[in-house]
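Student: Predicted structure and sequence below. I'll ask about it afterward.
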Amino acid sequence: MSQQDQNSLSDQENVIALAQAADSVSVEESKGPLIGIVVGETSGDMLGAGLIRALRVHFPNAVFQGIGGPKMLAEGFDSLFPQDRLAVMGLVEPLARLPELLNIRRRLRKHFLANRPAVFIGIDSPDFNLDLELSLRREGIKTVHYVSPSVWAWRQGRIKKIARAVDHMLALLPFEADFYREHKVPVTYVGHPLADQIPLEPDPAAAVQTLGLGERADNKKIIALMPGSRSGEVARMGPVFWQMAEYCSSRQKNLLFLVPSANKERHEQLSEQLKALSPQLPIELIEGRSHQIMEAADVVVMASGTTTLEAMLFKRPMVIAYKLTTLTFWLLSRLVKVKYIGLPNLLAGKGIVPEFIQDRATPVAIGDAVLNYLNNPSTTKKLLSTFTDLHLALKKNADETAASAIADLINRGEK
């Protein structure tokens, strides 16, 4: 048997052992209320850890069980299954893992019906959590969903299922809360945890020093290039970004391009792409440290995603560019109901930063937008003022606000 097969078998045995343990675990009532939480991603683990800390203020003796990651475990969380068993992406892998996922959900349901929680909280992972929330709510258990699915953007029919599945929705963004209110779903806008964590006043000079750029950054305009965190994104967007860097460098001197890699795999992929470039092109690849790179940058060029929100919170001018496969773009263009894809534009309700999607995402178009920022400081200053206003709107002490809404639900008595 190969080492890979042995590791796979070991993973399966661990899951089976944990599943059997989950069936037999009971909660001592004297310890305090049981609060169930299930997260499936690293971002959910961070939200869950902050939420546990905030809920302990309301319920010091609470017991937290379900599925969580290392940050939640550090807060005393009891994870009945490994969090990474839920961390599946794409179209094929979830199908291959479907029997295991259904088994985990069935065992969680059995556990929480035998040990009824004061509330069950599904954090993100809607495809897994909403069905679990629905089944538990039908049995009289209060349910909360934390982080709205993008139901406001596409597949809006899901709102009917959400209304049946949850007693309360916790929304990170204000327009999400407006959507749920319109559909009569109880909701609390809690703000975004990143808005609490990222300072209102960025310090680009300190970020440059932290990155150890030294004389390489002297009298330079720093452009952060962030083509994505997934292999397909980097394959599609990387070459466009490098050609854009060549275009800008041919028109303006003293530019320095910094590229953060999301993980080891992306670092290797980016390294291979950059090998083909001219050695005179001033591009540096840095492992990780995306926040410091964004904060140090004069302009950020990025694929769409949470990074657009991060760049906004760091008050950095940005250009958003994204390409999908032809078939995926054709399908989504007929399903998506929103005008913009970047969170700054969605939050502002208008196009405050340029977006270049699919065929419009050309090196020249993106490069001209970058140069426009560099050559028009008054426009940039006005944009950064708007970013500050949006930051303040998102800064709501998300952990404490979410915990208070959950505590109110728990203390409300019987449904």
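Tutor: Received, thanks.
Student: from here on, contacts and neighbour counts on C-alpha atoms
Tutor: Will do.
Student: now stretch 256-269: mean pLDDT?
Tutor: Computed over stretch 256-269, the mean pLDDT rounds to 90.
Student: now it, how far from the centre of its chain.
Tutor: 19 Å (C-alpha atoms, centre = their mean, to the nearest Å).
Student: Okay, now the unreliable bits of the stretch 201-350 of the chain?
Tutor: 326-338 (pLDDT under 70).
Student: what are the ranges of the helices in it?
Tutor: With helices called from DSSP state H, counting those that start in this stretch, the stretch 201-350 of the chain shows them at 204-210, 231-249, 264-275, 290-296, 306-313, 326-335, 343-348.
Student: G44: which of these is closest?
Tutor: Closest to G44 of those is helix 306-313 (C-alpha to C-alpha; 13.4 Å).
Student: gap between that closest one and the chain center?
Tutor: Using C-alpha atoms, centre = their mean, the offset of helix 306-313 from its chain centre is 10 Å.
Student: Over to stretch 213-232?
Tutor: Distance, centroid of stretch 213-232 to centroid of chain: 22 Å (C-alpha atoms, centre = their mean).
Student: Residues contacting that stretch, please?
Tutor: Residues outside stretch 213-232 that contact it (C-alpha atoms under 8 Å, 6 or more residues apart in numbering): 208, 233-234, 237-238, 241, 254-263, 266, 269, 293-294, 296-304.
Student: Please pick the buried ones from these.
Tutor: Among the contacts of stretch 213-232, those buried by neighbour count (16 or more other C-alpha atoms under 10 Å) are 208, 233-234, 237-238, 241, 255-262, 266, 293-294, 296-304.
Student: sorry, back to before: of all the helices of the stretch 201-350 of the chain, which one is nearest G367?
Tutor: helix 231-249 (5.3 Å).
Student: Just the buried residues of that closest one, please?
Tutor: Buried residues in helix 231-249 (16+ other C-alpha under 10 Å): 233-234, 236-249.
Student: domains of this structure?
Tutor: 3-191+396-411, 204-394 (automatic domain parsing).
Student: Let me have the ones you listed in TSV, adding distance to Q197 as columns.
Tutor: As requested, these are exported to TSV (distance: least, C-alpha to C-alpha, whole Å):
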stretch	distance to Q197
domain 3-191+396-411	9
domain 204-394	10
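Student: Ramachandran coordinates for R116?
Tutor: phi -70, psi 120 (degrees, to the nearest 10).
Student: now D203
Tutor: According to degrees, to the nearest 10, D203 has phi -130, psi 80.
Student: Skipping its backbone neighbours, what lies nearest it in space?
Tutor: E295 (6.9 Å; C-alpha to C-alpha, 6 or more residues apart in numbering).
Student: now swap in D131 and tell me
Tutor: A165 (7.3 Å).
Student: Now do the strands in the protein.
Tutor: 34-39, 63-68, 78-82, 119-123, 143-146, 168-171, 187-189, 221-226, 255-261, 283-287, 299-302, 318-322, 355-357 (DSSP state E).
Student: Distance to L394 for these - can I get that in TSV?
Tutor: Formatted as TSV, the strands of the chain follow (distance: least, C-alpha to C-alpha, whole Å):
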stretch	distance to L394
strand 34-39	23
strand 63-68	25
strand 78-82	30
strand 119-123	19
strand 143-146	16
strand 168-171	11
strand 187-189	9
strand 221-226	24
strand 255-261	26
strand 283-287	29
strand 299-302	21
strand 318-322	19
strand 355-357	22
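Student: Can you tell me which of those is nearest to G212?
Tutor: Across the strands of the chain, closest to G212 is strand 283-287 (C-alpha to C-alpha), at 11.0 Å.
Student: the inter-axis angle of that closest one versus strand 221-226?
Tutor: Interaxial angle of strand 283-287 relative to strand 221-226 (axes from the mean of the first three to the mean of the last three C-alpha atoms, to 10 degrees): 50 degrees.
Student: Strand 283-287 pairs with which strands?
Tutor: strand 255-261 (parallel) (DSSP bridges).
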